[in-house]
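>>> Sequence below, structure please.
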Amino acid sequence: MSLPPTAEAAENDDAYAAAEEEHGLNPRQVGPVIMDIRNITLRFGGVVAIKDISFDVREGEIRAIIGPNGAGKSSMLNVINGFYHPQEGEIWFRGKKRGAMKPHEIAKQGIARTFQNIALFKGMTTLDNIMTGRLTKMHKNMFWQALWSGPAEAEEIEHRERVEKIIDFLEIQHIRKTPVGRLPYGLQKRVELGRALAAEPQLLLLDEPMAGMNVEEKEDMCRFILDVNEEFGTTIALIEHDMGVVMDIADRVVVLDYGRKIGDGTPDEVRKNQDVIDAYLGVAHD
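Residues are numbered from 1 along each chain as shown. Alright, predicted model coming up:
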């Protein structure tokens, strides 16, 4: 049985609606809370990476997580998709409390991610790398897969059709047969996005999707992220250091510093938050 949202989540609902009405924010169709992160604490021995952090992610929104290096941002994504298991706190997904789960189990629930450091199979083609994102959707047993006959053949054809649509969507038809190790950095990041999309996630986690890109590559990636959100209806939570990008595309922003939450709200609210200014955006001087 699902439980009602926490008081903080309910307050966030009211605050979000008020901010949207006041500032005309977010033309996207944002729904109820899809993920509720409650009082998460993560320790590595005596080091506290995340301390009592709570925030939520709404269905259909782009939710940004920002903060200085070492703030705990990637650790939080690793908690969300099961690479790390926190010592304290709870994660609720679609109204149900989640127990300790492995990454592949969480992927089957509908949560996919990209990584800060590209994690592709460099010797495999673009097409085959994106096909690996379909593994959680494949149901035929290894016997049929080994024979590549009958049901397994039909299933693979279906998955390949889906992957080809993603390749068209990301405008990478010209590199579909190219080993990704031969591709420039920006295209590798796009292939990694394609692999995550192949899992058809309800919640897509992006860990610094524009890190190391030039201006043109960032513009392309921003466009694809917005299109994924708007055309596929995919909820997105992303870590990004480019504040121009965050302020342009995010509906709400949560700010971490030394493993603690110091700000949470719309881009305008976060930009005016003195704690955020002091810790991350820079102190204004007269």
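>>> quick one: Asn229 and Ile172, what's the gap?
Using CB to CB, to the nearest Å, Asn229 is found at 19 Å from Ile172. All C-beta spots, glycine's among them, are computed from the backbone N, C-alpha and C.
>>> Ok, Gly265 next?
Counting by CB to CB, the gap from Gly265 to Ile172 is 36 Å.
>>> cool, Val276 as well?
For Val276 relative to Ile172 (CB to CB), the value is 36 Å.
>>> Not counting its neighbours along the chain, what's nearest Arg43?
Gln87 (5.5 Å; CB to CB, 6 or more residues apart in numbering).
>>> Reduced to three states, what does the most centrally placed residue in the chain come out as?
Centroid-nearest residue in the chain, with CA atoms, centre = their mean: Leu205, separated by 1.3 Å. Assigned by DSSP: H, G, I helix; E, B strand; the rest coil, the conformation of Leu205 is strand.
>>> Isn't it up against Thr235?
No. Counting by CB atoms under 8 Å, Leu205 does not reach Thr235; the two are 9.9 Å apart.
>>> Could you pull out the strands in the stretch 51-200 of the chain for me?
62-66, 88-93, 96-97, 111-113 (DSSP state E, counting those that start in this stretch).
>>> any chance of those in CSV, plus distance to Leu127 and mean neighbour count?
Putting these into CSV (distance: least, CB to CB, whole Å; neighbours: other CB atoms under 10 Å) gives the following:
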stretch, distance to Leu127, mean neighbour count
strand 62-66, 28, 25
strand 88-93, 31, 17
strand 96-97, 35, 12
strand 111-113, 18, 24
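>>> Would you mind listing where this structure has pLDDT under the threshold?
1-28, 138-155, 281-286 (pLDDT under 70).
>>> According to the record, where do the domains of it fall?
Domains of the chain are assigned by automatic domain parsing as 1-110+202-286, 117-200.
>>> Tell me the gap between the shortest one and the middle of its chain.
Centroid displacement of domain 117-200 relative to its chain, using CA atoms, centre = their mean, to the nearest Å, is 19 Å.
>>> same thing with stretch 243-258?
Centroid separation between stretch 243-258 and its chain, computed with CA atoms, centre = their mean, is 13 Å.
>>> Mind naming the longest helix for the protein?
Using DSSP state H, we find that the single longest helix of the chain is helix 151-169.
>>> Same list (the strands of the stretch 51-200 of the chain) but as TSV, adding distance to Asn81.
Converted to TSV, the strands of the stretch 51-200 of the chain look like this (distance: least, CB to CB, whole Å):
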stretch	distance to Asn81
strand 62-66	13
strand 88-93	10
strand 96-97	16
strand 111-113	5
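>>> residue contacts, Arg190?
170, 172, 220-221, 224 (CB atoms under 8 Å, 6 or more residues apart in numbering).
>>> Now flag whichever of these is closest to Glu200.
Leu170 (14.8 Å; CB to CB).
>>> Please report phi then psi for the nearest residue to Asp242 once chain neighbours are set aside.
Spatial nearest neighbour of Asp242, excluding adjacent residues (CB to CB, 6+ apart): Met210 at 5.9 Å. Backbone dihedrals for Met210, given as degrees, to the nearest 10, come out at phi -110, psi 10.
>>> who's in contact with Met210?
Contacts of Met210 (CB under 8 Å, 6+ apart): 189, 217-218, 221-222, 240, 242, 245.
>>> Closest one to Ala112 out of these, please.
For the contacts of Met210, the closest approach to Ala112 (CB to CB) belongs to Lys189, at 14.9 Å.
>>> Surely the closest one and Met221 touch.
Yes. Between Lys189 and Met221 there is a contact at 6.7 Å, judged by CB under 8 Å.
>>> hmm, back to that, give the contact list for the residue nearest to Arg43.
Taking CB under 8 Å, 6+ apart as the test, what Gln87 contacts is 41-43.
>>> Inside helices: which ones of the residues you listed?
Among the contacts of Gln87, no member falls in helices (DSSP H).
>>> Quick check: of those residues, which has the highest neighbour count?
Leu42 (22 neighbours; other CB atoms under 10 Å).
>>> Can you report phi and psi for the spatially closest residue to it that is not a sequence neighbour?
Leaving out its chain neighbours, the residue that sits closest to Leu42 by CB to CB, 6+ apart is Ile50, at 4.1 Å. Dihedral angles of Ile50 (phi, psi; degrees, to the nearest 10) stand at phi -140, psi 130.
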